[in-house]
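Student: Fold the stuff below for me.
(2 chains)
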Number of protein chains: 2
Amino acid sequence: MEKYTKSMSRLIQALKKMPGVGPKSAERMAFHILRLPHSEAKALAYSILKVKESIKFCKVCGNLSEEDSCNICSSPQRDKDIICVVEQPTDIVSIEKSGCYNGLYHVLGGSLSPLDGVGPENLRILELLARIKTQRAKEIIVATDSDSEGETTALYLSRLLRKEKVKATRIAYGLPMGSNLEYADQVTLAKALQGRNPI
Amino acid sequence: MEKYTKSMSRLIQALKKMPGVGPKSAERMAFHILRLPHSEAKALAYSILKVKESIKFCKVCGNLSEEDSCNICSSPQRDKDIICVVEQPTDIVSIEKSGCYNGLYHVLGGSLSPLDGVGPENLRILELLARIKTQRAKEIIVATDSDSEGETTALYLSRLLRKEKVKATRIAYGLPMGSNLEYADQVTLAKALQGRNPI
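Tutor: Below you'll find the predicted structure:
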């Protein structure tokens, strides 16, 4: 005996594929959608379709955008001398939330991972080098992840950037703010010790 | 500075309204949708629209259905002698999952709650009485929630059913008091069904 009607179980199946949504949550969401006014359910469905239709990548930095150039690249208030290199567009959102950065970005589209068949030619590295020349950027901040792939990518970029005679920096790694030394893992602690600064 | 494009923030806003979805989860879901193949994103959007379009209520029991009569009412394998009275269609799903019940259902559409202005005339009680007569049901299991509104409804029904000369039972208190039927675990529900008592 089917517990749900066809359209309900199809919706539950589709919702279950979302990250962090299990069978119970998917059921609750489906019943929530069923109880929504028609207009709100339509708005949800159309916003899903709209996102897939209208989002493309910024031709300059590779960020998500609805225009050819994203709203960071086209903003006159941004400092065009600094470019922060990140792996994914989601990383831009995280850095923007910190509110501490006013330069431009460059999205690589991933990190070097020979085991997964991702080499330098698969990342937007040539585009970065071209941008540095045309834009005359003064500083490149490499903000790739601190996992092994991200570290490899940062090392690879640092060698390339040395030739370009541009100041290249890497964001600091150490203890997260508000954390306890007792609970920090050894690799983080080692990094934090190596990167100590005068006070 | 807007962190997202217009269509992304609209999608995140729509997702945030779902039960159990906070701002962080909504962001993760939105980025997940962005990464989905076009076909899967379309499937998700259309399944939302489809549910709102195609789901109606069974004319017999009030369960969710895509036809005039739901798949439980129209099944020849179901025991037509027993009717289990529940508050909401979601309660049917919970009982079906326990796998211990093979009779029919009747959805009241809520519970008696004078403070919220819900009286007997707002529930599908007259339909239940009519069904008992036409269908010659032998037993009515009252499976309303075990909160005060559900208990009140059960008491009210028990008085009505006494006049109808039909065996009326209430699911047993394997259910923890004050809880909702929707969230009960399957074993507890099965226990409660087996231990039903005359009222």
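
Student: tell me the pLDDT at the nearest residue to residue A:81 once chain neighbours are set aside?
Tutor: Nearest non-adjacent residue to residue A:81, counting by C-beta to C-beta, 6 or more residues apart in numbering or on different chains: residue A:138, 4.3 Å away. Just so you know, the C-beta spots here come from the backbone N, C-alpha and C atoms, and that holds for glycine as well. For residue A:138, the model assigns a pLDDT of 89.

Student: go on, residue A:132?
Tutor: With respect to pLDDT, residue A:132 has a value of 91.

Student: helices or strands up against the helix or strand encompassing residue A:84?
Tutor: Using DSSP states H and E, residue A:84 maps to strand A:82-86. Packing partners of strand A:82-86 (3 or more C-beta pairs under 8 Å, 6 or more residues apart in numbering or on different chains; DSSP states H and E): helix A:89-98, strand A:104-107, helix A:125-135, strand A:139-142.

Student: so which of those gets nearest residue B:150?
Tutor: helix A:89-98 (44.8 Å; C-beta to C-beta).

Student: Check which residues of stretch A:191-199 are buried.
Tutor: Within stretch A:191-199, the residues scored as buried using 16 or more other C-beta atoms under 10 Å in any protein chain shown are A:191, A:192.

Student: And the helices in chain A?
Tutor: A:6-16, A:23-35, A:38-54, A:89-98, A:125-135, A:148-163, A:186-194 (DSSP state H).

Student: For the second one, report the contacting residues that lie outside it.
Tutor: With contacts defined as C-beta atoms under 8 Å, 6 or more residues apart in numbering or on different chains, helix A:23-35 is touched by A:8, A:11-13, A:15-16, A:18, A:21, A:41, A:44, B:18-21, B:48, B:51-52, B:55, B:64, B:90, B:93.

Student: Any of those residues buried? List them.
Tutor: A:8, A:11-13, A:15-16, A:18, A:21, A:41, A:44, B:18, B:21, B:48, B:51-52, B:55, B:64, B:90, B:93.

Student: re the thing from before, now distance to residue B:131 too, for the helices and strands packed on strand A:82-86, in JSON lines please.
Tutor: As requested, these are exported to JSON lines (distance: least, C-beta to C-beta, whole Å):
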{"stretch": "helix A:89-98", "distance to residue B:131": "55"}
{"stretch": "strand A:104-107", "distance to residue B:131": "62"}
{"stretch": "helix A:125-135", "distance to residue B:131": "70"}
{"stretch": "strand A:139-142", "distance to residue B:131": "71"}
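
Student: which one of those lies closest to chain B?
Tutor: Closest to chain B of those is helix A:89-98 (C-beta to the nearest C-beta; 4.9 Å).

Student: packing partners for the closest one?
Tutor: Using 3+ C-beta pairs under 8 Å, 6+ apart: helix A:89-98 touches strand A:82-86, strand A:104-107.

Student: Compute the mean per-residue pLDDT across it, please.
Tutor: On average, helix A:89-98 scores 86.

Student: what's that helix in contact with?
Tutor: Contacts of helix A:89-98 (C-beta under 8 Å, 6+ apart): A:57, A:62-64, A:72, A:84, A:86, A:101, A:105, A:107, A:143, B:1, B:3-4, B:27, B:31.

Student: Identify the residue with the minimum pLDDT among those.
Tutor: Comparing these by pLDDT, residue B:1 comes last, at 47.
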